[in-house]
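K.L.:
How does the following fold in three dimensions:
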Amino acid sequence: MEDLKRQAAARALEEVRDGMRLGLGTGSTARHFVDLLGEKVRAGLKVVGVPTSEATRMQAESCGIALTTLDDIDRLDLTVDGADEIDPAFNLIKGGGGALLREKIVAAASDRMVVIADDSKWVDVLGKFPLPVEVIPFGLAATRRGIAKAFGQCGVSGEMVLRKRPDGHVFVTDGGHWIIDAHLGRIEDPPRLAGLLNAIPGVVEHGLFTNLASVAVLAGRQGIRVVERR
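P.N.:
So this is what the prediction gives:
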């Protein structure tokens, strides 16, 4: 599986040109992309990156990749990131690694977003992977009720689990928030659910990425498949 992820990352690297401003994703597949990009940088490629998490920032620095922030530049040419699920309409579920807020900010500031994944992430309908919802700790019970109401309005339901670290403590994002993982099974209308979740005061962000990805690079045992959003 790691070899497939690296193949997808290598294909996405072909989209990178000298002088580009890049969004650097987070997660196991994006980690391969940052490693490979670092090799190109050490060979003379000139790029600047905006990392989507503290983990990616540290990795990029160790690879010698020049970094900046969205306070210093207004747009990115390209973001390369992974996904937990991708449907044929290019709706995504992201956030399994907990970096969904920064990932979405960076993707939205990019001219193009290329998603890299093994082909098991390509699904007919989103929802088998739990949907992460990043929330403010204050008023958590009220926020959960709001989330449940939004689910009901979209005809979905499922267990909502507060994400914990392996040591049993609550998982805290880079922004200091918590994550509720919603086990919904099927999400028939991701854009509608995204809009309803956006309207809940205690929800900081959610893992439904709609109208952001433009290309998917999928690595399988039969090779690389590149799918473009129509």
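
K.L.:
Measure how far stretch 173-192 is from the centre of its chain, please.
P.N.:
Between the mean C-alpha point of stretch 173-192 and the mean C-alpha point of its chain there is a distance of 12 Å (CA atoms, centre = their mean, to the nearest Å).

K.L.:
ditto for stretch 147-158
P.N.:
Centre-to-centre, stretch 147-158 and its host chain are 22 Å apart (CA atoms, centre = their mean).

K.L.:
ends of it, how far apart?
P.N.:
Between the opening and closing residues of stretch 147-158 we find a distance of 11 Å, counting by CA to CA, to the nearest Å.

K.L.:
From the rest of the structure, what touches that stretch?
P.N.:
127, 133, 160, 180, 182-189, 192-193, 196-197, 199-200, 203 (CB atoms under 8 Å, 6 or more residues apart in numbering). Every residue, glycine included, has its C-beta placed from N, CA and C.

K.L.:
likewise stretch 220-230?
P.N.:
Everything outside stretch 220-230 that qualifies as a contact, by CB under 8 Å, 6+ apart, is 4, 7-8, 11, 90, 118-119, 122, 213-219.

K.L.:
Those residues in helices, which ones?
P.N.:
Using DSSP state H, 4, 7-8, 11 are the members of the contacts of stretch 220-230 that sit in helices.

K.L.:
which one of those sits closest to V48?
P.N.:
Among the ones in helices among the contacts of stretch 220-230, R11 lies closest to V48 (CB to CB), at 21.9 Å.

K.L.:
That closest one reaches L218, doesn't it?
P.N.:
No. The pair formed by R11 and L218 falls short of the contact definition of CB atoms under 8 Å, at 9.4 Å.

K.L.:
Neighbour count: those two, which is higher?
P.N.:
A direct count of neighbours by other CB atoms under 10 Å for R11 and L218 places L218 higher, at 22 against 19.

K.L.:
dump the residue contacts of the more buried one.
P.N.:
8, 117-119, 121-122, 224-227.

K.L.:
separation between E14 and K40?
P.N.:
The gap separating E14 from K40 is 11 Å, by CB to CB, to the nearest Å.

K.L.:
again with G185
P.N.:
Going from G185 to K40 by CB to CB gives 41 Å.

K.L.:
For these two, indicate the residue with more neighbours.
P.N.:
Of the pair G185 and K40, K40 is the one with more neighbours under other CB under 10 Å, namely 16 against 13.

K.L.:
That'll do, ta.
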